[in-house]
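Q: predicted model and sequence follow; I will ask about them next.
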There are 2 protein chains.
Amino acid sequence: MLPNLTIRQLQTFREVMRSGSISEASRTLLRTQPAVSTMIANIEKELGFNLFVREHGRLTPSPEAHYFLEEAEEVLDRLDRTVRTMSEFGTLDRGSLRIACHPASSGFFLPKVLAEFLKGRPDVKADLVMRSSQVIEDMIASQEFDIGLAETPRQRSSIRIEPFRLECVIALPEQDPLASKDVLTPADLENYPMAMLFSDHPDTLATQRAFAQCGATLNRRFVLRTSLPALPLVGAGLCGAIVDRITAATSPAPGVVFRRFTPVIASSIALLLPAQRPASILTTAFRDYLRQHLVQVENTLISTG
Amino acid sequence: MLPNLTIRQLQTFREVMRSGSISEASRTLLRTQPAVSTMIANIEKELGFNLFVREHGRLTPSPEAHYFLEEAEEVLDRLDRTVRTMSEFGTLDRGSLRIACHPASSGFFLPKVLAEFLKGRPDVKADLVMRSSQVIEDMIASQEFDIGLAETPRQRSSIRIEPFRLECVIALPEQDPLASKDVLTPADLENYPMAMLFSDHPDTLATQRAFAQCGATLNRRFVLRTSLPALPLVGAGLCGAIVDRITAATSPAPGVVFRRFTPVIASSIALLLPAQRPASILTTAFRDYLRQHLVQVENTLISTG
DNA sequence: TTCAGGCTATAAATTGGATTTATATCGTGC
DNA sequence: GCACGATATAAATCCAATTTATAGCCTGAA
């Protein structure tokens, strides 16, 4: 029959060995002398042999006691490391984040949010990748990644979706006379040189529909893969641009002003989370943090400068 | 404030993770379901975060729970090894013996006793050295060695001494007419060729005194450092020999018979143990075992063959 | 739909091991 | 010889773990 030792027994034994005395140990352990005395006696009973030789009312550790001390220290140290590590999960000081984001958020928005979130958490690992929205959907469904930010996909049982409705805005050179208006219409932009995304993109399609409905001519001067490079073009006075709200809210854009547009062109961006499996504490915290920032972008009014 | 985990909590958690269910775990742990349920809840409270997501009355482990499982297994394994090792001390299956013996016991007696004692204890280490009795005394006093067997030294506070009085015997060729006698006297051995130890040795001195007292002539044909090589000389019919009891009792001696001698020449052999420090369990057991064998040698009658 | 049977959670009662309180014994040093 | 500091032991107490009892929830079968 093997002995059955408890952590408390190991701690008590260690302290008795360190101090060389039961009374002394009882003081540092904030217990009474009999408590320690009986606990040591119980350990000895469990082990089946004595750890100390008692003579003249003093304790002398046996060779086995010295060996046991080394073992006990290792067990206690191991447990201590575990406890420390586990409590770091609770304080968000440990863990890993696997984040997949779509092009528009990958330039400034997500890096900024992530940087803020990780400030002061040197032991948190992060894996941040940029992919097309379709690919992100699969990466979340397959649980390769913990959090996705992409254009809202159709409902799938393997993904939890939190959508945000973000109006696109018009970027204009700040000197342009149109910048005096709060809200622009297709008529205002009749034949105005514009930078826009590729033809397939929903925002492009929606813009074309808006112009067509008003009978206005859309002048697509620049075709881009992402909105970000439009900003320097606009800043240089070469064109205006239809820009998603995330890019507009976070990217540096000297010499550019943003104005609202009617009819509203809303891109539906969503937080994607793997369904079924629980998220880690860190993922949950970052999800909350990210959501908060998205809500903020959603609610920020575009004001006339 | 760091959490304070117990072994029982770790064991319980591990079982819940393994079986994937509190009810199932409670069965294998031979406890009731609420006991396990509250214990898991308490672990979560201590850690400060949940390890399982409860939905539909089922548990799903969080990523942190998987990590915690690995940690818990390591702690438990470490403790398990400790417990196993410590209980081996109790069953004498582990430990080390450092034994120093004097020449007479080093040839056959101590190796035989040690071999018997270690039978079936593959993990016990032994260090057996042969030294002069004076050196052994110091090696025990300095606690370099655990057990010494040597000629009885004077009292020292750093050594505990257990003396044994062992009569020397006469070795004779079995064909010799003297072999018919039970007890020999110096007169019987008048001018008989003898193998003996060097002149300084107490047994040699005592023998010389005995012969002198009887006015008998002692014929020292062979002078040896130990008694053992005397036996083949005696067996070959070249001489008789004064042999210490330990050598006589345990060494193979074909063609040799042993007879008592008066006046008695007694060598005082002693078990030497370090004072002050407690002996290991294994040392204590071996000391008992060795003592028993010494008593046996002490009490064995030399019978006429 | 309902019912049986699986799961988990919670409250209250119980238990048992750890702890405290109280006391005895032994040695050492003054 | 006596105070002091050590350890051991017994009895009382306390607290955490466990059991008992119960309720809620979901699933699958009738």
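A: Okay, I see it.

Q: so what pLDDT did A:Ile265 get?
A: Predicted confidence (pLDDT) for A:Ile265: 93.

Q: doesn't A:Asp203 make contact with it?
A: Yes: the pair formed by A:Ile265 and A:Asp203 meets the contact definition of Cβ atoms under 8 Å, at 5.8 Å. From N, CA and C alone the C-beta is placed, and that goes for glycine too.

Q: now for those two: what residues contact both?
A: Any residue near both A:Ile265 and A:Asp203 by Cβ atoms under 8 Å, 6 or more residues apart in numbering or on different chains counts here, and that gives A:Cys168, A:Ile242.

Q: tell me which element the residue lying closest to A:Gln155 once chain neighbours are set aside falls in.
A: Distances taken as Cβ to Cβ, 6 or more residues apart in numbering or on different chains put A:Ile161 closest to A:Gln155, at 6.9 Å, once the chain neighbours are dropped. Assigned by DSSP states H and E, A:Ile161 belongs to strand A:159-167.

Q: now the element after that strand, going C-ward?
A: Following strand A:159-167 in sequence order, the next helix or strand is strand A:169-173 (DSSP H and E).

Q: how many residues are close by A:Gln292?
A: When neighbours are defined as other Cβ atoms under 10 Å in any protein chain shown, A:Gln292 has 10 of them.

Q: and A:Arg221, by the same measure?
A: 14.

Q: wait, a strand at it?
A: Yes: counting by DSSP: H, G, I helix; E, B strand; the rest coil, A:Arg221 is found in a strand.

Q: relative to A:Ala195, how far out is it?
A: Here the criterion is Cβ to Cβ, to the nearest Å. By it, A:Arg221 lies 7 Å from A:Ala195.

Q: mind listing the shared neighbours of those two?
A: Contact criterion Cβ under 8 Å, 6+ apart; residues shared by A:Arg221 and A:Ala195: A:Leu238, A:Cys239.

Q: that older thread, go ahead and confirm the residue nearest to A:Gln155 touches A:Ile269.
A: No: applying Cβ under 8 Å as the test, A:Ile161 and A:Ile269 come out as separate, 10.6 Å apart.

Q: neighbour count winner among the two?
A: A:Ile269 (25 against 19).

Q: would you mind listing what in the stretch 51-200 of chain A touches DNA strand C?
A: For the stretch 51-200 of chain A, the residues in contact with DNA strand C (Cβ under 7 Å from any atom of the strand) are A:His56, A:Gly57.

Q: before we move on, back to that, buried set for the strand holding A:Ile161?
A: For strand A:159-167, a neighbour-count test (16 or more other Cβ atoms under 10 Å in any protein chain shown) marks A:Ile159, A:Arg160, A:Ile161, A:Phe164, A:Leu166, A:Glu167 as buried.

Q: now swap in stretch A:14-29 and tell me
A: For stretch A:14-29, a neighbour-count test (16+ other Cβ under 10 Å) marks A:Arg14, A:Glu15, A:Val16, A:Met17, A:Ile22, A:Ala25, A:Ser26, A:Leu29 as buried.

Q: show me the contacts for the residue nearest to A:Gln155.
A: Here A:Ile161 is in contact with A:Thr152, A:Pro153, A:Gln155, A:Ala270, A:Leu271, A:Leu272, A:Leu273 (criterion: Cβ under 8 Å, 6+ apart).

Q: the third one sits in which helix or strand?
A: Element membership of A:Gln155 [criterion: DSSP H and E] is none; it lies in no helix or strand.

Q: what about it, neighbour count?
A: Neighbours of A:Gln155 under the rule other Cβ under 10 Å: 8.

Q: also the last one?
A: If you count neighbours by other Cβ under 10 Å, A:Leu273 ends up with 20.

Q: and it, how far is that from B:Met130?
A: Using Cβ to Cβ, one obtains 76 Å as the distance from A:Leu273 to B:Met130.

Q: need the per-residue pLDDT for A:Gln155.
A: pLDDT, read off for A:Gln155, is 86.

Q: phi, psi of it?
A: phi -60, psi 140 (degrees, to the nearest 10).

Q: so A:Leu272: helix, strand or coil?
A: Assigned state for A:Leu272: strand (three-state reduction, three-state DSSP).

Q: which residues touch it?
A: With contact taken as Cβ under 8 Å, 6+ apart, A:Leu272 is in contact with A:Ile136, A:Glu137, A:Ile140, A:Ile147, A:Gly148, A:Leu149, A:Ala150, A:Pro153, A:Ile159, A:Arg160, A:Ile161.

Q: mind listing which of the residues you listed are in strands?
A: A:Ile147, A:Gly148, A:Leu149, A:Ala150, A:Ile159, A:Arg160, A:Ile161 (DSSP state E).

Q: list the contacts of the residue nearest to the fourth one when sequence neighbours are not counted.
A: Closest residue to A:Ala150 in three dimensions, ignoring its sequence neighbours and counting by Cβ to Cβ, 6+ apart: A:Ser133, at 3.7 Å. Applying Cβ under 8 Å, 6+ apart, we find A:Ser133 in contact with A:His102, A:Ala150, A:Glu151, A:Pro153.

Q: could you dump those residues to CSV with neighbour count?
A: Shown next, in CSV, are the contacts of A:Ser133 (neighbours: other Cβ atoms under 10 Å in any protein chain shown):
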residue, neighbour count
A:His102, 24
A:Ala150, 25
A:Glu151, 20
A:Pro153, 20
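
Q: give me the lowest-pLDDT entry from those residues.
A: Ranked by pLDDT, those bottom out at A:Pro153, which has 88.

Q: quick one: contacts for the closest residue to it other than its chain neighbours?
A: In this structure, A:Pro153 finds its nearest non-sequential neighbour in A:Glu137, 4.6 Å apart by Cβ to Cβ, 6+ apart. When contacts are counted by Cβ under 8 Å, 6+ apart, A:Glu137 touches A:Gly148, A:Ala150, A:Pro153, A:Arg156, A:Ile159, A:Leu272.
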